[in-house]
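Novice: pasted the sequence and its predicted model underneath.
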Amino acid sequence: MAGGHNPREYKKERFRQRFLHKLQYFNERYNANLCIGCGRCIIACPNAVNVLEVINKLKEVQVDA
Ligand code: SF4
């Protein structure tokens, strides 16, 4: 971020925010999806992050509300 600000100290926090923003928060706030599942980022990602694998893993997680 500009000025070197880092609102999330740990990598897992940044990873979580990235995907929850894309897949949940934006939709809740603006009623629009940021991901249509086209898969282009899977091909382009330099760290081999597969958004479809992340989504499938998230669906397996049991959340206690
Ligand atoms: S699959 Fe990746 S490139 Fe395609 S819309 Fe979703 S996040 Fe964007």
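Specialist: Received, thanks.
Novice: for the residue nearest the centre of the chain, what are its contacts?
Specialist: By CA atoms, centre = their mean, the chain has its centre lying nearest to Phe19, at 1.1 Å. Shown in contact with Phe19 (CB atoms under 8 Å, 6 or more residues apart in numbering): Val51, Val54, Ile55, Leu58. Glycine gets a C-beta too; all of them are placed from N, C-alpha and C.
Novice: just the buried residues of these.
Specialist: The neighbour-count test (16 or more other CB atoms under 10 Å) marks Val51 as buried among the contacts of Phe19.
Novice: of the contacts of Phe19, which one scores lowest on pLDDT?
Specialist: On pLDDT alone, Leu58 ranks lowest of the contacts of Phe19, at 82.
Novice: and the strand or helix carrying that residue, does that touch the ligand?
Specialist: For Leu58, the host element (DSSP states H and E) is helix 51-60. Yes. Using CB under 6 Å from any ligand atom, we find that helix 51-60 touches the ligand at Val51.
Novice: before we move on, back to that, just the element for the residue nearest to the centre of the chain, please.
Specialist: When elements are defined using DSSP H and E, Phe19 is found to belong to helix 11-20.
Novice: report the distance from that helix to the chain centre.
Specialist: 6 Å (CA atoms, centre = their mean, to the nearest Å).
Novice: right, I'll leave it there.
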